[in-house]
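> Return a 3D structure for these sequence lines:
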Amino acid sequence: MVKEGKISSIEEIYLFSLPIKECEIVNYFLEASLKDEVMKIMPVQKQTTAGQRTRFKAFVAVGDSNGHIGLGVKCAKEVATAIRGAIIQAKIALVPVRRGFWGRMVGAPHTVPNKVTGKCGSVRVRLIPAPRGTGLCAAPAVKKLLGMAGIDDCYTSARGHTRTLGNFVKATFYALRATYAYLSPDLWEQHAFAKTPYQEHSDFLSKTAIKK
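Residues are numbered from 1 along each chain as shown. Below is the predicted model:
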């Protein structure tokens with residue numbers, strides 16, 4: 001549907017909660033602005049009858065610094081393969097991030113709209129709105145994620161075993177994802193229900209693909 005131009009923007013996919021099953025869909029809409037960052041590479045071992053088998057686990061974040069962030073985790077025998085797989089997973093897991101204001105609604109949104117919390121394992125990360133010009137008051141890993149999501153000012157609070165960087169980064173990602181998990185009063189307006197792309201283009205979807 002994306003290839004044929006039936007879906008015109010990635011926001012339309014999020015509006016109807018359609019699953020993204022191919023990373024090429026994200027490339028099609030955001031390739032020019034999307035950047036990736038390797039957060040951590042760690043060796044993991046599995047005990048087998050022949051001894052220990054070592055593989056590499058990669059945590060990669062992707063974002064466009066304009067309200068979209070994704071996090072991917074992948075294990076592989078080689079580091080390069082793990083990073084490549086994690087980038088694909090991060091693009092598939094790309095989510096929108098809602099931004100807001102601290103105080104007066106002047107200029108562009110610069111911080112999180114209100115306090116949000118994300119948790120993974122023992123780690124709890126809380127994002128708190130901050131005045132314009134404050135910057136990102138966070139740990140280096142969290143600062144990278146917030147910057148890639150397009151948030152300029154934010155206070156953070158973390159609890160638990162934050163030394164486990166994998167869980168720390170995941171908790172931050174879940175907190176950013178939670179910004180769209182509720183309806184604030186400014187979103188209470190009633191909107192006319194629109195047909196989902198699946199309903200609207202049902203005739204197109206019912207046609208069998210013709211191999212060239």
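> ok, residue 155 - contacts?
By C-beta atoms under 8 Å, 6 or more residues apart in numbering, the residues touching residue 155 are 127-130, 134, 137. For the C-beta atoms, the positions are set from N, CA and C on the backbone; glycine is no exception.
> For the most centrally placed residue in the chain, report the pLDDT, please.
Taking C-alpha atoms, centre = their mean as the criterion, residue 70 is the residue nearest the geometric centre of the chain, at 2.7 Å. Reported pLDDT at residue 70 in the predicted model: 94.
> For the one helix or strand it maps to, which helices and strands make contact with it?
Assigning secondary structure by DSSP states H and E places residue 70 in strand 68-76. Packed against strand 68-76 by the contact rule (3 or more C-beta pairs under 8 Å, 6 or more residues apart in numbering; DSSP states H and E) you find strand 51-63, helix 79-92, strand 95-96, helix 140-149, helix 165-177.
> Need the ones you listed in JSON lines (columns: distance to residue 7 and mean neighbour count).
Conversion of the helices and strands packed on strand 68-76 to JSON lines gives the following (distance: least, C-beta to C-beta, whole Å; neighbours: other C-beta atoms under 10 Å):
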{"stretch": "strand 51-63", "distance to residue 7": "20", "mean neighbour count": "19"}
{"stretch": "helix 79-92", "distance to residue 7": "16", "mean neighbour count": "19"}
{"stretch": "strand 95-96", "distance to residue 7": "15", "mean neighbour count": "18"}
{"stretch": "helix 140-149", "distance to residue 7": "23", "mean neighbour count": "21"}
{"stretch": "helix 165-177", "distance to residue 7": "21", "mean neighbour count": "23"}
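> among these, which is nearest residue 13?
Of all these, strand 95-96 sits nearest to residue 13, with 9.7 Å by C-beta to C-beta.
> residue ranges with poor pLDDT in this protein?
The chain contains residues with pLDDT under 70 at 208-212.
> got the contact list for the nearest residue to residue 161 once chain neighbours are set aside?
The shortest distance from residue 161 to any non-neighbouring residue, by C-beta to C-beta, 6 or more residues apart in numbering, is to residue 122 (4.8 Å). Residue 122 makes contact with 160-161, 164, 167, according to C-beta under 8 Å, 6+ apart.
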